[in-house]
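Asker: Could you work out the structure for the sequence below:
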Amino acid sequence: MSTSFRTHTCGELRSDHVGERVTLAGWVHRRRDHGHLAFFDLRDRHGITQVVTNAEDAGDAHLAAEPARNEWVVQVEGAVRARPERTANAELATGEIEVVVDRFVVLNPSKVPPFYINEEQPGLDESLRLKHRYLDLRRPPMQARMLMRSRLASAIRRALEDDGFVEIETPTLIRSTPEGARDFVVPSRLRPGEFYALPQSPQVLKQLLMVAGYDRYFQLAHAYRDEDMRGDRQPEHTQVDIEMSFVAEEDVISTVERMVTRVAKEILPERPILTEPFPRLTYADAMNRYGSDKPDIRFGMELVDLTDAVRGVDFRVFSEPIAAGGAVFGIVAPGCGDYSRKQLDELIDLTKRHGAKGLVYLSVQDDGSLHGPAAKFLEGREAELVAAVAANPGDLILIVADADRIAGAEALGHVRLAMGDRLGLRQPGVLGYVWVHRFPMYTWDAEGERWDATHNPFSAPAPEDIDRIESDPGSVRAQQYDLALNGWESGGGSIRIHQRELLEKSFALMGHTLEGMRDQFGALLDALEYGAPPHGGIAIGLDRWAALYAEVDNIREVMAFPKTQSGTDLMMDAPSPIAQAQLDELHLRIVTDD
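Answerer: The predicted structure follows:
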């Protein structure tokens, strides 16, 4: 990578360059002074090279290097030589050589950074990192993650292009449509009182591309959602957006799985995929076995439905939820029968935070009896319960009962994940991909007194359920599929409704009037009458994908310039007020709450 400032990068030189004259440029990563010698680790994004100045052999260069400190930008010229015996650094790719400098130029000095660039700093305030993100991005761990993300994006593109996909960009100024979250809106100067929306996804546009005959489309699309943030959410994110024509659910799943598998083996060859082909679970199975629709399948400890095993037990914690049509679920934590009261209270608090009323715990004794506050209610049923969960002496049985079957399973699912962490069962380094499909198509909105789409309002119903859309919407399953990885939702998609009549029927069920449908979805509804092919697709979050590959819990660690938890850009000081002249030009007026 020769340029006007360098002949080689700081990660390029090897023993076969010995004797060559080279020019390097980069940042001072670390400096060490040894009398008449000064050693510098010179860094760029490609690596680190040790350079040395010698006051006796190159006095001018040594003098010019005297003021240079960490993070100064410098240029050096000199000869490559092998490092003296026993001084090679096996941890550096360039560790067998060094550059003996005879010309040293300071290109730009640096203030003392507000945090260390060249070493980890435990407890570093994240707001300080985000305020000086341009410095944070210099840190080797951040650079490694960002470069991995770049390789990931390139690998995705190559895999899709090799499979016949065409990359098409869609606009980011579109019409607002109801897609589950609040829109970010942009006022129109030329049409006062009217607004664009930033896309929550290119959903309608990619379906229109299928009507247009492009068959296989993808893009790395920017999407925007005005919603509360957490570790795996930001107001703007990037998704690998895919749509295909003339496909059924199996076609989309197999195509995406082929791409994901290829990318994983290219980017992370050292991390095995747990199971190939990826396991497939129905939504009902995922909830019943893992208490999650994005299960972490890297460890067992699956939920067991204990409803029948405890039916008739004179214990209101069990009997009342069962009578209300709910369920009782249990898991076994192996070897945890001696858990302390403090450890049990932590699990109870966790269960309550996730909506359950409490957590029943029972330790299995050597004789097969049970010990715990609820044990007295289970006399005569101990053996049946222990057998149902396949527990052994010394194990801890954890049980949640709830009138809402799904809510109870979800609460215990969170306990399962916590126990997986505590017991070290979650196999770091392993990629546990799993497909979850056949989601409920509709959920009842009691407040709005209508049915809402569980996922995407454009999802097609399972063919065998179409006849029940109007008579029994709650029983209809969608041709919806999610790809989960290690307990995170990686992506989600569906086969779409490609017939106008069926889409209007589905929208009507969700409370849309015919006029409202035409107003919000007119382009798509009209397009479906011009030979729309059967089609479907998926969107996979690139930020989450990169975070999972980097083994970090927060997607901010794999984004160049993320926002804070409150949606603020500390570096650019955004959002910020705009000038009154701009407000006037846009015909806007700020109204403050009194």
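Asker: Touching, residue 281 and residue 292? I think so.
Answerer: No: in this structure residue 281 lies outside contact range of residue 292 using Cβ atoms under 8 Å: 10.3 Å. C-betas here are computed from N, CA, C, even on glycine.
Asker: Which other helices and strands does the lengthiest strand in the chain contact?
Answerer: Identified as the longest strand of the chain according to DSSP state E is strand 21-34. Strand 21-34 sits against strand 37-44, strand 47-54, strand 73-82, strand 97-108, with contacts defined as 3 or more Cβ pairs under 8 Å, 6 or more residues apart in numbering; DSSP states H and E.
Asker: Show me what secondary structure element comes after the last one.
Answerer: Note on strand 97-108: by DSSP states H and E, the next helix or strand toward the C-terminus is helix 126-131.
Asker: Could you tell me which residues within that following helix count as buried?
Answerer: 129, 130, 131 (16 or more other Cβ atoms under 10 Å).
Asker: re earlier: run the chain-centre distance for the longest strand of the chain.
Answerer: 37 Å (Cα atoms, centre = their mean, to the nearest Å).
Asker: again with stretch 456-476
Answerer: Put simply, stretch 456-476 sits 30 Å off its chain's centre (Cα atoms, centre = their mean).
Asker: same thing with stretch 556-570?
Answerer: 14 Å.
Asker: Now it - C-alpha only, PDB.
Answerer: Taking C-alpha atoms only, stretch 556-570 is exported to PDB below (Å, rounded to 0.1, in the frame of the first residue of the first chain):
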ATOM      1  CA  ARG A 556     -22.500  -0.300  20.200                       C
ATOM      2  CA  GLU A 557     -19.200  -2.300  20.300                       C
ATOM      3  CA  VAL A 558     -19.500  -3.100  16.600                       C
ATOM      4  CA  MET A 559     -20.900   0.300  15.300                       C
ATOM      5  CA  ALA A 560     -18.600   3.100  14.300                       C
ATOM      6  CA  PHE A 561     -20.700   6.000  15.700                       C
ATOM      7  CA  PRO A 562     -23.500   4.700  17.800                       C
ATOM      8  CA  LYS A 563     -25.900   6.600  20.100                       C
ATOM      9  CA  THR A 564     -26.200   6.400  23.800                       C
ATOM     10  CA  GLN A 565     -29.100   4.600  25.600                       C
ATOM     11  CA  SER A 566     -31.100   7.900  25.400                       C
ATOM     12  CA  GLY A 567     -30.500   8.200  21.700                       C
ATOM     13  CA  THR A 568     -27.800  11.000  22.000                       C
ATOM     14  CA  ASP A 569     -24.700  11.400  19.900                       C
ATOM     15  CA  LEU A 570     -22.300  12.700  22.400                       C
END
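Asker: who's in contact with it?
Answerer: Residues outside stretch 556-570 that contact it (Cβ atoms under 8 Å, 6 or more residues apart in numbering) are 126-127, 130-131, 133, 137, 142, 145-146, 148-149, 229-230, 234-236, 543, 546-547, 550, 552, 555, 571-572, 574-575.
Asker: Mind checking which of the residues you listed land in helices?
Answerer: Among those, the members found in helices (DSSP state H) are 126-127, 130-131, 133, 142, 145-146, 148-149, 543, 546-547, 550.
Asker: What ranges in the stretch 451-594 of the chain fall below the confidence cut-off?
Answerer: Along the stretch 451-594 of the chain, the parts satisfying pLDDT under 70 run over 594.
Asker: which residue ranges form the helices in it?
Answerer: In the stretch 451-594 of the chain, the helices defined using DSSP state H, counting those that start in this stretch lie at 500-509, 514-527, 542-550, 580-585.
Asker: start to end distance for stretch 110-127?
Answerer: 21 Å (Cα to Cα, to the nearest Å).
Asker: in that stretch, what's buried?
Answerer: 117, 118.
Asker: pLDDT of that stretch, averaged?
Answerer: What stretch 110-127 shows for mean pLDDT is 95.
Asker: got the contact list for it?
Answerer: Contacts with stretch 110-127, where a contact means Cβ under 8 Å, 6+ apart, come from 27, 29-30, 41, 43, 69-73, 128-129, 132, 135-136, 138-141, 556, 564, 570.
Asker: how about a cut-off of 10 Å?
Answerer: 27-30, 41, 43, 48, 68-73, 128-129, 131-132, 135-142, 554, 556-557, 564-565, 568, 570 (Cβ atoms under 10 Å, 6 or more residues apart in numbering).
Asker: rewinding a little: neighbouring strands - and their directions - for the longest strand of the chain?
Answerer: Sheet pairing for strand 21-34, assigned by DSSP bridges, gives strand 37-44 (antiparallel), strand 73-82 (antiparallel).
Asker: right, so those: which one is the most enclosed?
Answerer: Comparing the strands paired with strand 21-34 by mean neighbour count (mean count of other Cβ atoms under 10 Å), strand 37-44 comes out on top with a mean of 21.
Asker: Pull out the buried positions in stretch 328-347.
Answerer: In stretch 328-347, counting by 16+ other Cβ under 10 Å, buried: 328, 329, 330, 331, 332, 333, 336, 337, 339, 344, 347.
Asker: chain center to it, what's the gap?
Answerer: 29 Å.
Asker: one step back: so which of the helices of the stretch 451-594 of the chain is nearest residue 483?
Answerer: Smallest distance to residue 483 across these (Cβ to Cβ): 9.9 Å, for helix 542-550.
Asker: what are the C-alpha coordinates of the closest one, in PDB please?
Answerer: C-alpha atoms of helix 542-550 as PDB (Å, rounded to 0.1, in the frame of the first residue of the first chain):
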ATOM      1  CA  LEU A 542     -25.900  -6.900  10.500                       C
ATOM      2  CA  ASP A 543     -25.100  -5.100  13.800                       C
ATOM      3  CA  ARG A 544     -26.300  -8.100  15.900                       C
ATOM      4  CA  TRP A 545     -24.600 -10.500  13.600                       C
ATOM      5  CA  ALA A 546     -21.300  -8.700  14.100                       C
ATOM      6  CA  ALA A 547     -21.800  -8.400  17.800                       C
ATOM      7  CA  LEU A 548     -22.400 -12.100  18.100                       C
ATOM      8  CA  TYR A 549     -19.300 -12.900  16.000                       C
ATOM      9  CA  ALA A 550     -17.300 -10.500  18.200                       C
END
